[in-house]
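[1] Provided below for reference: sequence and predicted model.
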Amino acid sequence: MMDSASMTVAGALEGLRNKRFSSVELTRSVLDAIAAKDGELNAYLTVDAEGALRQAEAADAARANGADAPLLGVPIAVKDLINVAGQPCTCASKILQGYVSPYDATVIARLRAAGAVFLGRTNMDEFAMGSSTENSAFKVTRNPHDTTRVPGGSSGGSAAAVAGGEAVAALGTDTGGSIRQPASFCGCVGLKPSYGRVSRYGVTAYASSLDQVGPMTRTVEDAALLMQELAGVDPHDGTTQEIPVPDYRKAMRGGLKGLKIGLPKEYYIEGTDPEVMRAVRESVDRCAAAGAEIVEVSLPHTEYAVGVYYILATAEASANLARFDGVRYGHRTEKPEGVFELYAKSRAEGFGLEVKRRIILGTYVLSSGYYDAYYGRAQKVRTLIRGDFEKAFGQCDVLMTPVAPTAAYRIGEASDDPLKMYLGDIFTVPANLAGLCGFSLPCGKTAGGLPIGLQILGAPFSEPTLFRAAAGFEDLQR
Ligand code: GLN
């Protein structure tokens, strides 16, 4: 019997190719799981059951005609800020309620060409601003491992869908940890690709110098299968690089022997939950036992990373979100008196509290008189942080660290303390500031049964080495 709740992308492709089940059967089984479980988990904002079944039928028909494609008939979930033609795209914000995408993002066009089936839209923090998915304007997603706890964020819906058996795989985005941290809270695999590896065309921008799209899956191999389709240059996104896309599955075969793993001493400090620290240290020990070489490295500017990130990300967000003005699309206030009131009231009514906080903060750090003191200085420190990593990667192939200082916390526990929430991003934001690639992999559980994540970071465009390390570590877990 087919078990879609634990099925991998690789397993689905194998079953579809050997005609053990059809894409319609597989998609229906996933839709049944959504119908049964999502009332509690709230991973999805909208489910396109009809559309998904139509795509699955088309995939089956193509296969019956002898066609094959890298993801033909595999049902996946998409974070609600990536445009899928004909489906809603709200970014979990009231300001975009009712908006339907007129076109496919490049990542979606690529996955569609590879035969993927799009199940629906997953919940997130409004405009990807948050770490718990509690900033969604519409619903609170629950962690499948403990429904009193958050799934992490901002791609919490995608993580919960994969972990809860409501999708075979999903897409998320990562500006400061939004793929890796929810993957770690929900016990799945998350990959933030290097900056410039994957197109953002059609992906609602949060902070354009940091945003990347990436896969959230059950295995490293599944991440490779998705990345193979997602990666590559796009004429619609000038930040994508013309660097050939390597064979990621092949790269997985290298093994841990001889791999140089760096442990940044600034990431192994007091303040991280002891159970998380123990699981990460044990993971490193097992890699060493399997033949990896462990070296200590230093990233001396780590303590500034959260501050720098929250200046730069909010500055960029304040510019990116200026387009939501009540004129072109989205929510418009009723009967405004003049154009200024049209802008002000539409935005006041449409944006949630955290988004407003960040627009105000970002506008402030860019304002004349403060620009040099905040934005300009943060740019300089960003360069220093990038330099730290360049130096570290001269001494090792990859870095291993915790993903987050804690496992999943209770719903409501941190939501009224923004600073506390921001500090939880300490281990993930540096990778975005430096354009690195990074995996989050399940590496153990707390005594209470909550997943713990191991972060593996690589230099920009070193995904092959990253896949080698991740697959090597995953093998030790079997
Ligand atoms: N938690 C971080 C923030 O709130 C990162 C979010 C993200 O990566 N989109 O900005």
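    Thanks, I have it.
[2] Please make it C-alpha for all contacts and neighbour counts, starting now.
    OK.
[3] Identify each buried residue in stretch 292-307, please.
    292-294, 297-299, 301-302, 304-307 (16 or more other Cα atoms under 10 Å).
[4] do the same with stretch 244-262
    Buried residues in stretch 244-262, defined by neighbour count with 16+ other Cα under 10 Å: 245, 248-249, 251-252, 254-256, 259-262.
[5] Pull the residues that contact it.
    Here stretch 244-262 makes contact (Cα atoms under 8 Å, 6 or more residues apart in numbering) with 221, 224-225, 227-228, 231-232, 287, 290-297, 392, 395-400, 463-465, 467-473.
[6] All the strands of this structure, residue numbers only.
    Counting by DSSP state E, the chain has strands at residues 44-47, 75-79, 117-122, 169-174, 189-192, 212-217, 260-264, 293-297, 398-402, 437-445, 451-458.
[7] any idea of the angle the longest one forms with strand 398-402?
    So that's strand 437-445. Per axes from the mean of the first three to the mean of the last three Cα atoms, to 10 degrees, the angle that strand 437-445 makes with strand 398-402 is 40 degrees.
[8] Strand 437-445 pairs with which strands?
    strand 189-192 (antiparallel), strand 451-458 (antiparallel) (DSSP bridges).
[9] what about the closest residue to the ligand within the stretch 301-450 of the chain, how many neighbours?
    Per Cα to the nearest ligand atom, the residue of the stretch 301-450 of the chain with the smallest distance to the ligand is D425, at 5.9 Å. Neighbour count for D425, taken as other Cα atoms under 10 Å: 22.
[10] How about the contacts made by it?
    Contacts here follow Cα under 8 Å, 6+ apart; on that basis D425 touches 131, 176-177, 306, 404.
[11] Give me the pLDDT for it.
    With respect to pLDDT, D425 scores 97.
[12] Would you mind naming what in the chain lies close to the ligand?
    128-131, 154, 174-178, 425 (Cα under 6 Å from any ligand atom).
[13] List the buried residues for stretch 307-322?
    For stretch 307-322, the neighbour count (16+ other Cα under 10 Å) marks 307-321 as buried.
[14] which outside residues touch stretch 66-74?
    For stretch 66-74, using Cα under 8 Å, 6+ apart, the contacting residues are 9, 12-13, 16, 22-23, 27, 55-56, 59-60, 62-63, 111, 113-117, 168, 225.
[15] Endpoint to endpoint, it covers what distance?
    Stretch 66-74 has an end-to-end distance of 17 Å (Cα to Cα, to the nearest Å).
[16] That one: which residues count as buried?
    Residues 68, 70-74 are the ones in stretch 66-74 that count as buried (16+ other Cα under 10 Å).
[17] now those as TSV including distance to K345 and pLDDT?
    Below are the buried residues of stretch 66-74 laid out as TSV (distance: Cα to Cα, whole Å; pLDDT from 0 to 100):
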residue	distance to K345	pLDDT
D68	51	96
P70	47	98
L71	45	98
L72	46	98
G73	45	98
V74	43	98
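[18] Now do the same contact list for A105.
    Listed by Cα under 8 Å, 6+ apart, the contact set of A105 reads 82-84, 200-203.
[19] Would you mind listing which of those residues are buried?
    For the contacts of A105, a neighbour count by 16+ other Cα under 10 Å gives the buried set as 82-84, 200-203.
[20] got a markdown table for the residues you listed, with pLDDT too?
    Output for these, formatted as a markdown table (pLDDT from 0 to 100):
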| residue | pLDDT |
| --- | --- |
| I82 | 98 |
| N83 | 98 |
| V84 | 98 |
| R200 | 98 |
| Y201 | 98 |
| G202 | 98 |
| V203 | 98 |
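[21] Of the strands of the chain, which stretch is the most buried?
    Sort the strands of the chain by mean neighbour count, taking mean count of other Cα atoms under 10 Å, and strand 189-192 sits at the top with a mean of 33.
[22] so what pLDDT did the residue nearest in space to the middle of the chain get?
    Closest to where the C-alpha atoms of the chain average out (Cα atoms, centre = their mean) is I179, at 2.2 Å. On the pLDDT scale, I179 is placed at 98.
[23] cool, and R478?
    R478 is assigned a predicted lDDT (pLDDT) of 79.
[24] For L171, see how far away P182 is.
    Applying Cα to Cα, the value for P182 to L171 is 12 Å.
[25] Only the buried subset of the contacts of stretch 66-74, as a PyMOL command please.
    Restricted to buried positions by 16+ other Cα under 10 Å, the PyMOL selection for the contacts of stretch 66-74 reads:
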select buried, resi 9+12+13+16+22+23+27+55+56+59+60+62+63+111+114+115+116+117+168+225
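[26] Out of the contacts of stretch 66-74, which sit inside helices?
    Judged by DSSP state H, helices contain the following of these: 9, 12-13, 16, 23, 27, 55-56, 59-60, 62-63, 111, 113, 225.
[27] Show me what counts as buried in stretch 92-103.
    92-97, 99, 101.
[28] can you pull the contacts of the closest residue to A313 other than its chain neighbours?
    For A313, ignoring the flanking residues on the chain, the nearest one in space by Cα to Cα, 6 or more residues apart in numbering is A207 at 5.1 Å. When contacts are counted by Cα under 8 Å, 6+ apart, A207 touches 175, 312-314, 316-317, 320.
[29] Need these in a markdown table (columns: pLDDT).
    Output for these, formatted as a markdown table (pLDDT from 0 to 100):
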| residue | pLDDT |
| --- | --- |
| T175 | 98 |
| L312 | 98 |
| A313 | 98 |
| T314 | 98 |
| E316 | 98 |
| A317 | 98 |
| N320 | 98 |
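[30] Output these in a markdown table, with distance to F351 appended to each entry.
    Formatted as a markdown table, the contacts of A207 follow (distance: Cα to Cα, whole Å):
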| residue | distance to F351 |
| --- | --- |
| T175 | 19 |
| L312 | 20 |
| A313 | 17 |
| T314 | 15 |
| E316 | 16 |
| A317 | 13 |
| N320 | 14 |
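[31] Of the buried residues of stretch 92-103, which is the nearest to the ligand?
    Among the buried residues of stretch 92-103, A92 lies closest to the ligand (Cα to the nearest ligand atom), at 12.6 Å.
[32] what sits against that closest one?
    By Cα under 8 Å, 6+ apart, the residues touching A92 are 45, 80-81, 123-127, 136-138.
[33] who wins for neighbours among the contacts of D425?
    The contacts of D425, ranked by neighbours (other Cα under 10 Å): first place G177, 33 neighbours.
[34] Verify the contact between that one and T428 for me.
    Yes - counting by Cα atoms under 8 Å, G177 does reach T428; the two are 4.9 Å apart.
[35] In this structure V220 contacts E474, no?
    Yes - using Cα under 8 Å as the test, V220 is close enough to E474 to be in contact (7.5 Å).
[36] State the distance from the nearest residue to Y409 once chain neighbours are set aside to the ligand.
    Setting aside the residues directly before and after it, Y409 is nearest to R149 in space (Cα to Cα, 6+ apart), at 5.5 Å. From R149 across to the ligand, the span is 17 Å (Cα to the nearest ligand atom, to the nearest Å).
[37] So for R149, what's the pLDDT?
    We have a pLDDT of 98 for R149.
[38] for it, what are its contacts?
    Taking Cα under 8 Å, 6+ apart, we find R149 in contact with 142-143, 408-411.
[39] And the closest residue to G196 other than its chain neighbours, how close does it get to R281?
    Leaving aside its sequence neighbours, G196 sits nearest to T240 (Cα to Cα, 6+ apart; 4.1 Å). Remark: distance between T240 and R281 (Cα to Cα) = 35 Å.
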